[in-house]
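J.: sequence first, predicted model second:
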Amino acid sequence: MNWNKWVRQIHRWLAVTFTVTVVATFVALAQDDPMVWVSYLPLLPLALLLFSGLYLFVLPYVTRRRVVPKS
């Protein structure tokens with residue numbers, strides 16, 4: 001597997017992790033005595049999603065510049 005496929009796979013698993021942490025946050029904050037620190041749990045997967053998503057967004061533009069058109 002090359003580097004780009006690894007980043008895509010990690011990005012997908014981060015999306016699943018982020019979704020699970022958001023659902024867990026909603027459940028935890030719906031309790032009678034909510035733990036406020038739980039609301040910070042989704043921030044780490046969200047930050048990692050940001051960086052991997054920006055990499056995947058820029059990737060087609062960078063690879064397009066590397067390819068030299070034949071004339």
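T.: Okay, I see it.
J.: show me the longest helix that occurs in the protein.
T.: In the chain, taking DSSP state H as the definition, the longest helix is helix 3-29.
J.: please state the offset of that one from the chain centre?
T.: Distance of helix 3-29 from its chain centroid, counting by Cα atoms, centre = their mean, to the nearest Å, is 6 Å.
J.: what's the mean pLDDT across that helix?
T.: Mean pLDDT, computed over helix 3-29, is 95.
J.: ok, stretch 56-66 next?
T.: The average pLDDT within stretch 56-66 is 84.
J.: distance between that stretch and the chain's centre?
T.: Computed by Cα atoms, centre = their mean, the chain-centroid distance of stretch 56-66 equals 19 Å.
J.: contacts for that stretch, please.
T.: Residues from elsewhere that reach stretch 56-66, judged by Cβ atoms under 8 Å, 6 or more residues apart in numbering: 4, 7, 8, 11. Any C-beta I mention is one placed from the backbone N, CA and C, and that applies to glycine too.
J.: would you mind writing the CA trace of that stretch as PDB?
T.: Provided in PDB are the C-alpha atoms of stretch 56-66 (Å, rounded to 0.1, in the frame of the first residue of the first chain):
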ATOM      1  CA  LEU A  56      -6.300  14.600   0.600                       C
ATOM      2  CA  PHE A  57      -7.800  17.800  -0.800                       C
ATOM      3  CA  VAL A  58      -4.500  19.200  -2.000                       C
ATOM      4  CA  LEU A  59      -3.200  15.900  -3.300                       C
ATOM      5  CA  PRO A  60      -4.800  16.100  -6.800                       C
ATOM      6  CA  TYR A  61      -3.500  19.700  -7.400                       C
ATOM      7  CA  VAL A  62       0.000  18.800  -6.300                       C
ATOM      8  CA  THR A  63       0.100  15.600  -8.500                       C
ATOM      9  CA  ARG A  64      -1.300  17.500 -11.500                       C
ATOM     10  CA  ARG A  65       1.700  20.000 -11.300                       C
ATOM     11  CA  ARG A  66       4.200  17.200 -11.200                       C
END
